[in-house]
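# Sequence and predicted model, in that order:
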Amino acid sequence: MAGRIPPQFIDDLLNRVDIVDVINRRVPLKKAGKEYQARCPFHDEKSPSFTVSNEKQFYHCFGCGAHGSSIGFLMEYDNLGFVEAVEELASLAGIEVPREEGDHQGPDLRPLYALLEQAAEYYQRQLREHPQAAQAVSYLKNRGLSGEIAASFAVGYAPPGWDNLLQALGTNDIAVSQLREAGLISEPEGKRYDRFRNRIIFPIRDQRGRVIGFGGRVLQDQDSPKYLNSPETPLFHKGRELYGLHEAKKALRKIDRLLVVEGYMDVVALAQFGIRNSVATLGTATSKEHLELIFRTCPEAVFCFDGDRAGRDAAWKALQTTLNVVREGREARFLFLPEGEDPDTLVRQEGTTAFEQRIQSALPLSQFLFEHLSSQVQMDSIDGRAHLVELAKPLLEKLPAGVFRQMMFQHLEELAVIKPGSLNPAKPASRQTGRPGKEYKKPRPSPVRMAIALLLEYPALASHEDQLSQEWKYWDAPGIPLLSQILELCQSQPTLTGTALLERFRDSDAYPALLKLRSKYCHFPEEMDFDSEFIGALSRINQQYHKEITPLPRNAPLSELSDELAMLKRRFPGSTDIPEEES
């Protein structure tokens, strides 16, 4: 287990890294006054309502409500955990993530990354040096691979034998434990041996280029299994990763489309022929996570399958998953190869130009869907066309609201020969939106909400607290303990920014409410006198406190004081909830 990441480091990191740069690498931003705008990456929209503030280091979507810091954006957009997001930001800043002794914040995965990198280097070295590597080198040459391409994908070789890797890297009990956790060894019935033996090895990398697992291909096709992946580990989840994506991004400055194939050799063989935009799904069905990863990289996915029955069945499954995420601006197409061929064999047989022409002529999702369903019904009869609607409508209803969904329903109506608009596709309820710069009335916040919201924007306001009575801190009303905690934190850390302050509460129960509060009040009027507003909020809290607390006479008996205290505790139970707006 690793020590927790020091909060001060996260504060400094958020100050060093500009959220505009972080988001612009993934979502192109345009300057709009003091802020930057884009179409929101988290929901479908026609006009941009996603804003990024350089001043506040905060993003907010006025359409779907998504909001947060650089860390929050990476967690949501890149599907990273908190620690991974911090490490990603730290790598952009060129600094190491420190750890504190004592409190823990999840497992320290750095030793596993280091071990997997060592294993990748070991396998590469075996391909060059092992006495029995000649067979592996011959196999790769026969498949047309050059040394340059093999090196760019870090292709290696796991020699025959039960414990070669164990002998090389399992030097002690800790190392053996890490090999086990990384999925590099197997231990059935008390036996211990290398997971990969006598196979061509393909390192699998994450988007940052770190080795997270391996795939191994047999040298003789009659051996089984033909392909063997690392098992699920703390680093490797095959339903989320795409083999070759890191290499594609490294080779191409801009990726217009990704070709999704089935095997490692397909990716590497296509790269050998200059087709560097292919990825593989690691022997598993295409998942929603795969698709989001693809469409964050480029606007078009081309799925490549064998033309036989099994290939078309796999393509249909991929189509059904794709329906949940495809919309205008995202295109999915399907390429079916001649039966018995795969990308590896076909590109070597017909060359780069012919294969790229096949990619260009791949079936659009709409065509594949309607052709597939139409083949199951009698289109020349009313009954058959009604059956087509019955089959197609539930699928089309999976599509996100937008122009593409509307056009798909229109085409279904044309095929079924029914009146346009008669299917009335259900549209998800639109959210209340407010565009930047548009005036819309908000309820007046309670004094506690106003004080907290102002501190989340301007933590330095905490220095004004000593101008007022602090009796309200003894009031056990909703939101008071949280406001008091925020004030103390701001006063003890006077250099905190609003975004860093918010991140300090990420692991607390109050975080969702604070995030929502900052999102709701993230655009205070520029002409507002923030000092006066903050002092006024604290004054109103004091007034409410004195209004609720009726002083007892100085000579009141102790029993009355005890009764009064008990009543107050029942009336104002301790809470970190933030009170709602005033009516």
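Sure thing, it's come through.

# When you work out contacts or count neighbours from here on, use the C-alpha atoms and nothing else.
Will do.

# Residue 37 should be in a helix, yeah?
No. Residue 37 is assigned strand when assessed by DSSP: H, G, I helix; E, B strand; the rest coil, not a helix.

# show me where the stretch 151-300 of the chain has strands.
Using DSSP state E, counting those that start in this stretch, the strands of the stretch 151-300 of the chain run over residues 156-158, 185-186, 193-194, 199-205, 211-218, 227-229, 257-261, 278-280, 300-306.

# can you redo the ones you listed as a markdown table with distance to residue 423 and mean neighbour count?
Written out in a markdown table, the entries for the strands of the stretch 151-300 of the chain read as follows (distance: least, CA to CA, whole Å; neighbours: other CA atoms under 10 Å):
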| stretch | distance to residue 423 | mean neighbour count |
| --- | --- | --- |
| strand 156-158 | 56 | 27 |
| strand 185-186 | 56 | 19 |
| strand 193-194 | 58 | 20 |
| strand 199-205 | 46 | 26 |
| strand 211-218 | 47 | 23 |
| strand 227-229 | 46 | 19 |
| strand 257-261 | 33 | 23 |
| strand 278-280 | 38 | 27 |
| strand 300-306 | 29 | 23 |
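
# backbone phi and psi for residue 446, please?
Its backbone dihedrals place residue 446 at phi -70, psi 160, with angles given as degrees, to the nearest 10.

# Quick one: neighbours of it, just the number.
Using other CA atoms under 10 Å, residue 446 has 18 other residues around it.

# Over to residue 350?
10.

# What are the neighbouring residues in contact with residue 192?
Residues touching residue 192, when contacts are defined by CA atoms under 8 Å, 6 or more residues apart in numbering, comprise 163, 185, 186.

# Hmm, residue 5 is touching residue 100, no?
Yes. Between residue 5 and residue 100 a contact is recorded at 6.2 Å, counting by CA atoms under 8 Å.

# related to what we said a few turns ago, just send the contacts of residue 192 back as a markdown table, with distance to residue 137 and pLDDT too.
Formatted as a markdown table, the contacts of residue 192 follow (distance: CA to CA, whole Å; pLDDT from 0 to 100):
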| residue | distance to residue 137 | pLDDT |
| --- | --- | --- |
| 163 | 22 | 92 |
| 185 | 24 | 94 |
| 186 | 26 | 91 |
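
# Between those, which sits nearest residue 266?
For those, the residue nearest residue 266 by CA to CA is residue 185; the value is 26.4 Å.

# Which positions are bridged to that closest one in the beta structure?
Residue 185 forms beta bridges with residue 194, as assigned by DSSP bridges.

# Surely residue 352 touches residue 271?
No. Contact criterion CA under 8 Å: residue 352 and residue 271 do not qualify, at 10.0 Å.

# On the strand side of things, show who the residue lying closest to residue 196 once chain neighbours are set aside bridges to.
The shortest distance from residue 196 to any non-neighbouring residue, by CA to CA, 6 or more residues apart in numbering, is to residue 158 (6.1 Å). Residues found in beta-bridge contact with residue 158 (criterion: DSSP bridges) are residue 199.

# distance of residue 158 from residue 202?
From residue 158 over to residue 202 the distance is 10 Å, taken as CA to CA, to the nearest Å.

# Neighbour count: residue 5 and residue 100, which is higher?
The neighbour comparison of residue 5 against residue 100 (other CA under 10 Å) goes to residue 5, with 18 against 13.

# If I look at the more buried one, what pLDDT would I see?
Looking at residue 5, its pLDDT reads 81.

# Which strand or helix spans it?
With elements taken from DSSP states H and E, nothing contains residue 5; it lies in neither a helix nor a strand.

# what does the one 4 residues further on give?
According to DSSP H and E, residue 9 maps onto helix 7-16.

# Contacts for that helix, please.
When contacts are taken as CA under 8 Å, 6+ apart, the neighbours of helix 7-16 outside the stretch itself are 57, 70, 86, 89-90, 93, 97-98, 496-497, 499-501, 504.

# Pull out the buried residues from that helix.
Across helix 7-16, burial judged by 16 or more other CA atoms under 10 Å covers 9, 10, 11, 13, 14.

# coming back round to it: between residue 352 and residue 271, which is the more surrounded one?
More crowded of residue 352 and residue 271, by other CA under 10 Å: residue 271, with 23 against 17.

# My guess is the more buried one contacts residue 149. True?
Yes. Using CA under 8 Å, residue 271 is in contact with residue 149, at 7.3 Å.

# and the closest residue to residue 28 other than its chain neighbours, what is it in contact with?
When the adjacent residues along the chain are set aside, residue 28 lies closest to residue 38, with 6.8 Å between them (CA to CA, 6+ apart). For residue 38, the contacting residues are 27, 28, 29, 30, 48, 49, 50, 51, taking CA under 8 Å, 6+ apart as the criterion.
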